[in-house]
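Chemist: Structure, please.
(chains A and B)
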Amino acid sequence: MVTISVCVGSSCHLKGAYQIIQACEEFIERLNLKGEVELKGTFCLGQCAEEGVTVVIDEEILHGVSPENFAEVFHTKVLARLKEHNGGNH
Amino acid sequence: MSELFVEFAYAQLPKWGEELCGDSVSYARGKQGTIFSWSDGLGSGVKANILSTLTSRIIVSMLMKEAPLEEAIETIVETLPVCKSRKIAYSTFSVVQVTSTGEAYVAEFDNPPLFWVRNGRVMHVERHKHEIGKKVVLDFQARLQKNDWIVGITDGVVHAGIGGLWNLGWRWEKIASFLESTVNEHMDAEILANKIIDTTQRLYQGRLGDDATCIVAKIRLPRRLVLWAGPPEDPSRDEEIVERVLQFPGRKVVSGGTTGNILARVLKKDIRVDLTSLAPDVPPVGIIEGVDLLTEGILTLSTALRKLRSMSDGERNIRGHDGASRLLQFLLEADEISILGGRAINPAHQNPKLSGELSLKARILEELSEELRRRGKIVILEYY
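Modeler: Below is the predicted model:
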C-alpha cells in the first residue's frame, strides 16, 4: 500500500492541486490500483513558498509537482514504490 | 450579544388591479432593540403607499432615536400630505418595540389588534387608551419569551373573502384560531407570513378587495456563529483564540489551512480532508472534532463573498457541497456572527507568482461582514 497525500491549501490549490487529485483518481481507476494506492488530501503543509504543489508519498515530501509533471511523478514515485513493496515482480 | 432574537418577516399583496401595495412595513434593529411598524394608507395604489411608507418609516426611525411616541405621531400628522378628494391625511399604524431581554411595547392606531401567540394560544391583552393629538392610540406592554409570536395584519386580511366565500370575511377570531392551530416552534416567521397571505388570496379567490399585509415576529434564541479566519499576529495567543472558538456558544467555523493546523495542534487531533467536497474553484474542506466546519481560507472566503453578492436578498438556499457553499449556508443561517480575523502574515501570500487574491484577506473579511450586515445579520469583526 502506498499513500499519496496532496496538499489542498490555498497556494497548492492555485498551483494545480485540484487537477492533480483528479489525475491521480484517474490513474488509480485506470490501473486498477484501488486498495494499493490510497489518495488523501492534506491541509496546508507549510511548504507554500516552495515551487509547485506539495505532495507526500508515504513519508517522502515532494515539491514542485504540477498537473504537467504529475504522470511522471506517479510513475517514478508511486508505481516504483509499489513494485518495491511487491518484490519487484509486479 | 443579545439574549433573545426577533426573527422578523412579512408578506403582502396589493388590491386586485393595483401594482403598488398601499400597506407598508418598516423594520430596524439597534441598541434600542428591534422595532417594526406596519401601516395601511388611506385608499389604495400610489397615494396609499406614500402615506403608509411615510408613517411606518417615521415611527421606526424616531423610536430608534429614542423619541417619545407622542412626538413621532405629531410628526406624522404634520408630514402626511392631505388627500385632495377626501381632504384628510390618514394612515393607520401599529408599532412594536422589543428589547433584547424581551420587554415589548406595542402601540396601535386603527389597525386590527395584533396577535400575541404563546404556547399555541392567542393571549388576551388589556390595551390602554391614549389620546395623542386627537388620535386614540391603544397600547400595552408585555414581557415576551422564547417561542412567543407577534402577528400583525392589516384589514385586507381580516376582510378576506367578504361577501364572497364568507359573508363577513376571514374575521379576527377565525384568524386567531388559524394561528393557534398553525404556529409551531419549528416554523420560520417567513413561512407563517406567507401562509396567511396565501390563505387571504384564496379567500378572495385571487381578486383581493383590499391591500393585505401580514407581519410576523418570532421570538427565539439567536443563532450564533463564530468564524475564525487566520492565525493571530502573536503566536503566543494561539491557545487563547482556540479556547475562545471552542467555548463559543454556537456554531464554530474555522477558515484557513494554517489556522486549521493550529487548531489541530492545540487539540492534538488530526485533520482529515473530505475529498467529496472537491471543486475546481475551492479547495476541499477538512474534518476535525470540535468544530462544525473547517475550510481553506482566502479562496473559500472570496468565493463565498462572490456567491453571496450574486444572490438576491431573500434567497437563502445554497446549492453546492464545496467549502464556500457550506460556509455561506452556515453564515446565512446565523443571526449573530462573530468574526475573528488573524493578522499574521502568511509567507506564501508574499509570493508574487500567486494570484492577487491572496493578499486581500482583511479586505474580504470586511466586505463579507458588510454584505452580511446588509442582509440583517449582526456581525462583529475583530482582529487578533
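
Chemist: tell me what the longest helix seen in chain B is packed against?
Modeler: The longest helix of chain B (DSSP state H) is helix B:45-64. Applying 3 or more CB pairs under 8 Å, 6 or more residues apart in numbering or on different chains; DSSP states H and E, one finds that helix B:45-64 contacts strand B:23-30, strand B:33-40, helix B:69-79, strand B:93-98. Yep, even glycine has a C-beta here, placed from its N, CA and C like the rest.

Chemist: Pull out the buried residues from the second one.
Modeler: Okay, so that is strand B:33-40. Neighbour-count burial for strand B:33-40, counted by 16 or more other CB atoms under 10 Å in any protein chain shown, picks out B:33-40.

Chemist: Which two of these have the greatest separation?
Modeler: Using CB to CB, the pair of the buried residues of strand B:33-40 lying farthest apart is B:G33 and B:D40, separated by 24.1 Å.

Chemist: Show me what B:D23 bridges to in the sheet.
Modeler: Beta-bridge partners for B:D23, by DSSP bridges, are B:D40.

Chemist: Would you agree it is in contact with B:T154?
Modeler: Yes: the criterion here is CB atoms under 8 Å, and B:D23 meets it with B:T154 at 4.8 Å.

Chemist: Which one's more surrounded, those two?
Modeler: When neighbours are counted by other CB atoms under 10 Å in any protein chain shown, B:D23 and B:T154 differ, and B:D23 comes out ahead with 34 against 29.

Chemist: Could you tell me which residues make contact with the more buried one?
Modeler: For B:D23, the contacting residues are B:12, B:38-41, B:48, B:52, B:154, B:156, B:211-213, by CB atoms under 8 Å, 6 or more residues apart in numbering or on different chains.

Chemist: closest to chain A among those residues?
Modeler: B:Q12 (45.2 Å; CB to the nearest CB).

Chemist: so how many other residues sit close to B:L168?
Modeler: When neighbours are counted by other CB under 10 Å, B:L168 registers 11.

Chemist: Looks like it contacts B:A160 (just checking).
Modeler: No: using CB under 8 Å, B:L168 makes no contact with B:A160, being 10.5 Å away.

Chemist: What residues does the stretch 151-300 of chain B have near chain A?
Modeler: Residues of the stretch 151-300 of chain B found near chain A (CB under 8 Å from any CB of the partner chain) are B:257-258, B:260-261, B:264, B:271-275, B:278-280, B:282-284, B:286, B:294, B:296-299.

Chemist: Which ones among the residues you listed lie within strands?
Modeler: The strands, defined by DSSP state E, take in B:272-274, B:286, B:294 from those.

Chemist: Any regions of chain A where pLDDT drops low?
Modeler: Low-confidence segments of chain A (pLDDT under 70): A:87-90.

Chemist: Do a quick rundown of the helices in it.
Modeler: A:10-14, A:17-30, A:70-73, A:80-85.

Chemist: So for chain B, which of those helices sits nearest?
Modeler: For the helices of chain A, proximity to chain B was assessed by CB to the nearest CB; helix A:10-14 is nearest, at 4.3 Å.

Chemist: by contact count, what packs against that closest one?
Modeler: Contacting helix A:10-14 under the criterion 3+ CB pairs under 8 Å, 6+ apart are the following elements: helix B:298-310.
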